[in-house]
Structures are given as C-alpha cells and as structure tokens.
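A.B. asks: Dropping a prediction and its sequence here:
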Amino acid sequence: MTQANVKAFFDEATFTVSYVVSDPVSGRAAIIDPVLDYDPNSGRTSTTSADQLIAYVNDANLSVAWILETHVHADHLSAAPAIKEGVGGQTAIGAHVTSVQNTFKGIFNISDLAVDGSQFDHLFDDGETFKVGNIDARIIATPGHTPACVTYVIGDAAFVGDTLFMPDFGTARTDFPGGSAAQLYGSIRKILALPGATRLFMCHDYKAPGREDYAWETSVAEQSKNNIHINESVTEEDFIALREGRDGKLGMPKLLLPAIQINIRAGALPDAEDNGIRYLKIPLDAV
Ligand SMILES: N[C@@H](CCC(=O)N[C@@H](CS)C(=O)NCC(=O)O)C(=O)O
Ligand SMILES: [Fe+2]
C-alpha cells in the first residue's frame, strides 16, 4: 500500500497542528484543519499560516482534492476559505455539524444561518469512503469532544482531531455543548481498534509537564500502551470519572466565541456592514 506523505504545520498561537496529506504517486492532496491567524486584541485576521500551507502545496506541485475539518473548532478560526481560494479543494466536515449549528444558531442569534451543513461542499457520514489520489481513505465518526468530531483514516495514517492527545497529555475535554465522556471513550476505543502500526496525528499539542518539545505523531500501539487517560486497562467508568473531574477545572479556550461563530459557517467571515467593516458577536453571560 502506498503511504501518504504527511507534512505538519504547527501554529504556536493556538497549539494547533494543520496537515497537508498527499499521495506521492498522483500528487493529489488533502489539507486538514488549516488555521486563520486571528489576534483577539486588535481584531485583525491574517493568512500567514494558511500561506505556508499554500506555498508547500505549490512547491511540491500538489493538487488539492479536499479541505477537511476534524470538527467545529473552538480554539482557532478555520482558514478553509483562504485555502480554497489559493489552491482549490472541496471543504468537508462530519455530518453532525448540523447539530453544532443548531446549538450555536440560538446562542449567537444568527437568524439567517442555514443549519443543514450547506456551507460545506460535502458532509461525511460514519464509515463513508473517499480517495486521496490512489490512497483509500475513510471516516470514523468519533464524537465525544463535540458531536461532529470525525477521524480521517488515509492509508496507514489517521487524523484523530481532538479525541486523543499525545500519550503523556491524554484526551480531549468533553464539556462543550453536546460533549460526552462516555461517547469519547467509545470513540477512542474505535481508534485504538485500528492496526497497532497505524500512524496517529494529533490536532493539538500543549506539551506535557516535563516535556521540552511539541509533538503530534504517535501510533495506535503507543497510545494503547501509554496514554495517561485511556490505556488498555482503563475502564469506561474510570475514564468518565477522570475526564469529568478534569473538565470541571478547565477555563474556556481564549478564542471560543470568535472561533465557533466563524467555524459553523465553514470559515466564512460575516458580511461587512454598510461601513465596509465586518463584526463578530460576543454573547454576554450566555456560554
Ligand atoms: N488554553 C487553550 C485551551 C484549549 C482547549 O481547551 N483545548 C481543548 C481542545 S479544543 C481540549 O480538549 N483540551 C484538553 C485538555 O486541556 O484536557 C486555549 O485557550 O486555546
Ligand atoms: Fe477542539
């Protein structure tokens, strides 16, 4: 089986890892979780991070088939529109994005928001298959962190989004709307049922206490053996108790409110008002 080339880009401002995954034979590629730079103090956006992905795609002569989101991110804005404009590709996310849109349409009071996922070019169902060039790819629905979380298995590489973090850090929080520690446990068990040599690529790394460098690649075998939250011997009950205990102590991500209202629209910024300026909304005392 041809192995996909995986090129990682780490955004230190949000601790997010974006990927360009490509078939070395055909040059077809998928971009996963691209980041739009956003400075909350000034309200300025920029495409510095996305431009690095675009430059890599152009230098390597790749053609982009897919722009994939592992979930509706709560900690960074998606750069899917900038990527699509720069190098093309079909945007896609898990089909349960509709439930996330329903929840946040109310909170942000966006009356004209379509809640059918139509802002994305494609919605993936659990088990659906697709191709990146000649490499077979498939979707595993992995809810728990959010209802719409999916894992993209592309050849021998799996992009797990925020289900697992590196073994020494653990797993994702489950306290966002529609999150569930029990569901996350089941989702992680599905990932860990993949062959042991499967390469696993994380969506975030915050370093773990005592670790010097950021890291984002591990394997199924390594996670099963060493993940501090969910190795082979941890029961569902233990996991739920541990996860819910930790979630109670976490602050909200810095970019939660800007990120969600953009990402439920597939990364599209709100239309400009009659003075030519775009505005985000901040709901007070609602989240
Ligand atoms: N300090 C980060 C926190 C981000 C955060 O909450 N990350 C989520 C993923 S979106 C998570 O699951 N964290 C797991 C944990 O801290 O246990 C920020 O402000 O962006
Ligand atoms: Fe997340």
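C.D. replies: Okay, I see it. Ligands and ions are numbered 1, 2, ... in the order given.
A.B. asks: ok, the residue nearest the centre of the chain to residue 26 distance?
C.D. replies: In the chain, the residue lying closest to the centroid (C-alpha atoms, centre = their mean) is residue 70, at 3.5 Å. The spacing between residue 70 and residue 26, counted by C-beta to C-beta, to the nearest Å, is 23 Å. For the C-beta atoms, the positions are set from N, CA and C on the backbone; glycine is no exception.
A.B. asks: what comes up buried for the helix or strand hosting residue 55?
C.D. replies: Following DSSP states H and E, one finds residue 55 within helix 48-59. For helix 48-59, the neighbour count (16 or more other C-beta atoms under 10 Å) marks 49-50, 52-54, 56-57 as buried.
A.B. asks: thinking again about what came up before, check contacts around the nearest residue to the residue nearest to the centre of the chain once chain neighbours are set aside.
C.D. replies: Spatial nearest neighbour of residue 70, excluding adjacent residues (C-beta to C-beta, 6 or more residues apart in numbering): residue 161 at 2.8 Å. Each residue near residue 161 by C-beta atoms under 8 Å, 6 or more residues apart in numbering is listed here: 33, 70-71, 142, 145, 149-151, 203.
A.B. asks: Format those as TSV; extra columns: secondary structure.
C.D. replies: Shown next, in TSV, are the contacts of residue 161 (DSSP: H, G, I helix; E, B strand; the rest coil):
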residue	secondary structure
33	coil
70	coil
71	coil
142	coil
145	coil
149	coil
150	strand
151	strand
203	coil
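A.B. asks: Now the two most distant members of the residues you listed.
C.D. replies: 33 and 142 (14.2 Å; C-beta to C-beta).
A.B. asks: Of the two, which one has the most company?
C.D. replies: residue 142 (31 against 27; other C-beta atoms under 10 Å).
A.B. asks: What score does that one have for pLDDT?
C.D. replies: Here, the pLDDT recorded for residue 142 equals 98.
A.B. asks: So it is in contact with residue 153, correct?
C.D. replies: No: in this structure, residue 142 is not within contact of residue 153 by C-beta atoms under 8 Å, at 10.6 Å.
A.B. asks: hang on, the earlier thing: what's the first helix or strand after the helix holding residue 55?
C.D. replies: strand 63-68.
A.B. asks: Run through who's touching that following strand.
C.D. replies: In contact with strand 63-68 (C-beta under 8 Å, 6+ apart) are residues 27-34, 57, 80, 83-84, 87-93, 130-133, 152, 159.
A.B. asks: Restricted to strands, list those.
C.D. replies: 28-32, 90-93, 130-132, 152, 159 (DSSP state E).
A.B. asks: Just among those, which is most surrounded?
C.D. replies: residue 31 leads the ones in strands among the contacts of strand 63-68 on contacts (other C-beta under 10 Å) with 32 neighbours.
A.B. asks: what about the nearest residue to that one once chain neighbours are set aside, neighbour count?
C.D. replies: Of all residues not flanking residue 31 in the chain, residue 67 sits nearest, at 5.0 Å (C-beta to C-beta, 6+ apart). Here the number of neighbours of residue 67 (other C-beta under 10 Å) works out to 31.
A.B. asks: tell me the helices in the stretch 151-287 of the chain, going along the chain?
C.D. replies: 181-192, 220-226, 236-247, 256-263 (DSSP state H, counting those that start in this stretch).
A.B. asks: Nearest to ligand 1, out of those helices?
C.D. replies: helix 236-247 (5.7 Å; C-beta to the nearest ligand atom).
A.B. asks: returning to that earlier point: going by distance to ligand 1, which of the buried residues of helix 48-59 wins?
C.D. replies: Using C-beta to the nearest ligand atom, those come closest to ligand 1 at residue 49, 15.0 Å.
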